[in-house]
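Chemist: kindly generate the corresponding structure for this input.
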Amino acid sequence: MSDSKDLRSTLTTLKAEQGLTPTLLLLESVFHHPDSGSTQNTHISFYVRLAWEREGLVYEPHHLKQFLSPSDWSQVLKAHENGEFELEATGKIPDIPEGFSFEDFRAAAFEQTITPLVTLWAKNLLGYTPAFNSSASCFRRMNEQREYECQCTKEA
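Modeler: Modelled structure (predicted):
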């Protein structure tokens, strides 16, 4: 693992000197085994990646070289290669209680499962937790043909 204090300082410089705002990209996938009538065979996975945005553009870690000194880029590249800018969690969804909508249950699972993990992970990297407000985030759901379909509402 990279030296968090030095890496954090480098990442802070990106915002202060380059105007690159840290953001969290979220890919959320819901998949299920269609042969079962129970939601116990439904799983939800969260894949979170740290990225930076400026003027409507999203910059992933491998794009940051143009904004950094060689020594700072070396730190960021090492952290990127070690997977320090990514977090993944998958959980099995138990039977959804009577009267609960899937969306309510999904929101509760997100709050209880991924939020604590992301908070700890991001605070170690940045010292705080940025928002999940990237336009590059996506929610996918498996259809009956076992293919993922994007459920995002994006502007045309």
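
Chemist: centre-most residue in this structure?
Modeler: The centroid of the chain falls nearest to Val48 when counting by CA atoms, centre = their mean (1.8 Å).

Chemist: if I look at the nearest residue to that one once chain neighbours are set aside, how far off is Lys78?
Modeler: Leaving out its chain neighbours, the residue that sits closest to Val48 by CB to CB, 6 or more residues apart in numbering is Leu87, at 4.5 Å. C-betas here are computed from N, CA, C, even on glycine. As judged by CB to CB, to the nearest Å, Leu87 and Lys78 stand 18 Å apart.

Chemist: higher neighbour count, these two?
Modeler: Leu87 (20 against 14; other CB atoms under 10 Å).

Chemist: in three-state terms, how would the more buried one be classified?
Modeler: What DSSP: H, G, I helix; E, B strand; the rest coil gives for Leu87 is strand.

Chemist: correct me, but it touches Leu117?
Modeler: Yes: Leu87 is within contact range of Leu117, at 6.3 Å (criterion: CB atoms under 8 Å).

Chemist: sorry, back to before: doesn't the residue nearest to the centre of the chain belong to a strand?
Modeler: Yes: counting by three-state DSSP, Val48 falls inside a strand.

Chemist: so how far is Asn82 from it?
Modeler: For Val48 relative to Asn82 (CB to CB), the value is 16 Å.

Chemist: repeat that for Leu125.
Modeler: For Leu125 relative to Asn82 (CB to CB), the value is 12 Å.

Chemist: what does His43 give?
Modeler: 27 Å.

Chemist: looking at those two, which is more packed in?
Modeler: Ranked by neighbour count (other CB under 10 Å), His43 and Asn82 place His43 first, with 16 against 11.

Chemist: ok, now how distant is the more buried one from Thr21?
Modeler: From His43 to Thr21 the distance is 32 Å (CB to CB).

Chemist: where does the chain dip in pLDDT?
Modeler: Within the chain, the stretches with pLDDT under 70 are 1-5, 32-42, 91-100, 133-139, 142, 144, 146, 151-156.

Chemist: show me where it has helices.
Modeler: Using DSSP state H, the helices of the chain run over residues 4-18, 70-81, 102-109, 115-126.
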